[in-house]
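S.K.: Give me a 3D structure for the following:
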Amino acid sequence: MFALNTTKRDDPEFVQIVSRILESAARLYSPKQIYVVQIDHWFDHKWKAFSGKVLGAVGVWNDRLTLPPFSPGRVMSQLHYEADASGDGGYTLGPAAPLHINQMSDANIQRFVNRNIKNGILVWYSCDTAAADAASVMLYRVKDERTEEWYASFKKKETWAVNKVEGISRREFSAMLEQSPSPHGI
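M.R.: Predicted coordinates for the structure are as follows:
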């Protein structure tokens, strides 16, 4: 299982959902690198494939996928995993440069995801879920020059339930959530 950074402000049920998504994505895509970024509070679907703003006002969504321009102040934690050299499907936690840096928003328009990552997944998820009734997860996948991205939001009543998905079908997303834990203990 992937070890995620959590605080008392994080709902353990939602953290478990994120863990299942990570495990499923690792098995499904076999990435060489995995980045996991915890973002302060809920974020909406407009962040999916959002590149930044030009002239401080006009939002830009490039055809070529860039890192979403989250302010570093919203990043609560970043984890980076590398595939084990053994090839047994395991991952090792290791250092990596921060994905989100202080810069003008229009500078982010050229921070293409596949420039430095050739085979990986990047996952962003919301924190402060213990007291919230909304949460979100976003995943970017990079394989050579190809990229894809999806977003999912959740609402909490008694338990967390999928609210909205974009970039992935509900059936595919539900299958990711239902995957059993990895036999390799990812």
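S.K.: Not counting its own residues, what contacts the longest helix anywhere in the chain?
M.R.: The helix of greatest length in the chain, counted in residues with DSSP state H as the criterion, is given as helix 12-29. With contact meaning C-beta atoms under 8 Å, 6 or more residues apart in numbering, helix 12-29 is reached by 1-2, 4, 6, 31, 34, 36, 89, 91, 121, 123, 125, 129, 135, 137, 139, 141, 143, 154, 156, 159-160, 175-177, 179, 181-182, 186. To be clear about C-beta, it is placed using only N, CA and C from the backbone, and glycine gets the same treatment.
S.K.: tell me which residues in that helix are buried?
M.R.: Going by neighbour count (16 or more other C-beta atoms under 10 Å), the buried part of helix 12-29 is 14-15, 17-27, 29.
S.K.: Make JSON lines out of the residues you listed and add distance to L99.
M.R.: Below are the buried residues of helix 12-29 laid out as JSON lines (distance: C-beta to C-beta, whole Å):
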{"residue": "F14", "distance to L99": "21"}
{"residue": "V15", "distance to L99": "20"}
{"residue": "I17", "distance to L99": "22"}
{"residue": "V18", "distance to L99": "17"}
{"residue": "S19", "distance to L99": "20"}
{"residue": "R20", "distance to L99": "23"}
{"residue": "I21", "distance to L99": "18"}
{"residue": "L22", "distance to L99": "16"}
{"residue": "E23", "distance to L99": "21"}
{"residue": "S24", "distance to L99": "22"}
{"residue": "A25", "distance to L99": "17"}
{"residue": "A26", "distance to L99": "18"}
{"residue": "R27", "distance to L99": "23"}
{"residue": "Y29", "distance to L99": "18"}
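S.K.: re the thing from before, next SSE after the longest helix of the chain?
M.R.: Of the helices and strands lying after helix 12-29 in sequence (DSSP states H and E), the nearest is strand 33-39.
S.K.: Where does pLDDT dip in the protein?
M.R.: 1, 49-63, 105-110, 180-186 (pLDDT under 70).
S.K.: F2 versus the residue most central in space within it, what's the distance?
M.R.: Among the residues of the chain, the one closest to the centroid is V123, at 1.4 Å (C-alpha atoms, centre = their mean). Applying C-beta to C-beta, to the nearest Å, one obtains 9 Å for the distance of V123 from F2.
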